[in-house]
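Undergrad: Sequence and computational prediction follow.
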Amino acid sequence: MPPAPRSRGALDRARDTVRAYLGLTKTRIIEQLLVVTVPAIFLAERGVPSVWLIIATLLGGAMAAASAHALNCVVDADIDAVMKRTARRPLAKGQVPTRHALVFGLVLGAVSSVWLGLTTNWLAAGLAVAAIAFYVLVYTLLLKRRTSQNIVWGGAAGCMPVVIGWAAVTGTVEWPALVMFGVIFFWTPPHFWALAMRYRDDYAAAGVPMLPVVATPVQVSRRIVAYSWVMAAWTLLLAPATSWIYASVAVLGGAWFVFQAHRLHRGVVAGREARPMRLFHLSNMYLCVLFAAIAVDAAIGLPVLLP
């Protein structure tokens with residue numbers, strides 16, 4: 001009789017290998033990056049872009065993000081093994097050889113840049129390479145283990161998808177792309193510091209000086225409030241390139257986000273049990289709704305507030 005059990009075992013191993021390499025790419029984060037890319041494409045097009053352009057840009061952007069994340073896993077394998085939140089990542093569990101992960105990340109980066117260059121334009125490709133380099137070299141290698149401001153400046157890499165999406169359509173980088181970049185830039189600290197508050201002990205054990213490790217909870221929540229106000233105000237800068245649809249969502253959504261940030265701060269000051277993960281999850285929803293408003297606004301094609 002055929003060795004059926006060994007066949008099933010080989011199939012299981014193949015599936016485990018695929019899952020491990022997918023785990024290196026941090027697919028959940030990629031999903032969020034793609035969510036903000038599509039609205040940037042719509043706004044740059046001032047309407048509904050071609051399906052092929054969307055697919056080409058998203059595929060190239062996904063490979064670029066996967067490359068950055070895989071290389072990040074290579075550098076941070078020692079940290080990931082210590083932290084409970086990341087202990088199940090492939091390199092931390094020894095599921096993928098470090099050398100293979102490194103090659104995997106580099107190949108993904110090369111393929112993403114060539115793909116974007118051939119299917120969109122070389123400016124978008126160059127921006128993708130710059131985002132990978134910044135995330136790995138500046139954030140992961142230079143900032144993450146040295147300063148509590150790591151996520152502030154390192155988070156700039158996560159802002160690049162909107163600029164890449166804009167460049168893929170227009171071949172340029174114009175002011176609305178920079179405003180969208182700024183929205184994500186100022187959104188990142190409240191979003192990530194809320195997560196870091198929850199996993200403070202993890203970061204402390206790994207020796208990573210995230211702000212909640214080196215500052216008091218009150219100081220952290222105060223900065224979350226400050227960045228939330230700046231972010232909410234910054235979103236209004238995009239109003240001249242949109243209509244009342246986006247402007248309404250920006251005003252109401254920004255007020256709601258600031259309220260949630262103050263709510264967290266009041267709880268911390270009062271000594272109540274902080275629930276930072278509430279703000280973390282709500283911040284994801286806020287960003288999705290805000291950028292969905294950008295896409296809807298551009299797709300409907302209403303007159304802009306300041307033509």
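TA: Received it, and whenever you're ready, just let me know what you need. Numbering: from 1, shown residues only.
Undergrad: residues contacting residue 221?
TA: 197, 261, 264, 265, 268, 269, 274 (Cβ atoms under 8 Å, 6 or more residues apart in numbering). (C-beta placed from N, C-alpha, C; glycine too.)
Undergrad: secondary structure element for the fifth one?
TA: Just to be clear, that refers to residue 268. Element membership for residue 268, per DSSP states H and E: helix 244-269.
Undergrad: packing partners for that helix?
TA: helix 175-198, helix 217-235, helix 276-300 (3 or more Cβ pairs under 8 Å, 6 or more residues apart in numbering; DSSP states H and E).
Undergrad: Could you rerun that using 7 Å?
TA: helix 217-235, helix 276-300 (3 or more Cβ pairs under 7 Å, 6 or more residues apart in numbering; DSSP states H and E).
Undergrad: nearest to residue 39, of those helices?
TA: Distance to residue 39, taken as Cβ to Cβ, is lowest for helix 276-300 among those, at 3.9 Å.
Undergrad: Mind putting the helices and strands packed on helix 244-269 into a markdown table with distance to residue 135 and mean pLDDT?
TA: Below are these laid out as a markdown table (distance: least, Cβ to Cβ, whole Å; pLDDT from 0 to 100):
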| stretch | distance to residue 135 | mean pLDDT |
| --- | --- | --- |
| helix 217-235 | 20 | 98 |
| helix 276-300 | 18 | 95 |
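Undergrad: how about JSON lines for the ones you listed, with distance to residue 153 added?
TA: JSON lines is the format used below for the helices and strands packed on helix 244-269 (distance: least, Cβ to Cβ, whole Å):
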{"stretch": "helix 217-235", "distance to residue 153": "13"}
{"stretch": "helix 276-300", "distance to residue 153": "19"}
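Undergrad: can you tell which of the ones you listed is closest to residue 17?
TA: helix 276-300 (29.9 Å).
Undergrad: Could you pull out the strands in the stretch 51-200 of the chain for me?
TA: Assigned by DSSP state E, counting those that start in this stretch, the stretch 51-200 of the chain shows no strands.
Undergrad: Where does pLDDT dip in this structure?
TA: 1-8, 305-307 (pLDDT under 70).
Undergrad: on that earlier part again, which positions within the helix holding residue 268 qualify as buried?
TA: Across helix 244-269, burial judged by 16 or more other Cβ atoms under 10 Å covers 246-247, 249-250, 253-254, 257-258, 260-261, 263-265, 267-268.
Undergrad: got it, and stretch 116-126?
TA: Result for stretch 116-126 [16+ other Cβ under 10 Å]: buried residues 116, 117, 119, 120, 121, 123, 124, 125.
Undergrad: swap in stretch 290-307?
TA: 290, 291, 292, 293, 294, 295, 296, 297, 298, 299, 304.
Undergrad: With distance to residue 142 added, can I get these in a markdown table?
TA: Putting these into a markdown table (distance: Cβ to Cβ, whole Å) gives the following:
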| residue | distance to residue 142 |
| --- | --- |
| 290 | 30 |
| 291 | 29 |
| 292 | 34 |
| 293 | 35 |
| 294 | 32 |
| 295 | 35 |
| 296 | 39 |
| 297 | 38 |
| 298 | 37 |
| 299 | 40 |
| 304 | 40 |
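Undergrad: Residue 84 is in contact with residue 201, isn't it?
TA: No - using Cβ atoms under 7 Å, residue 84 is not in contact with residue 201; the gap is 8.5 Å.
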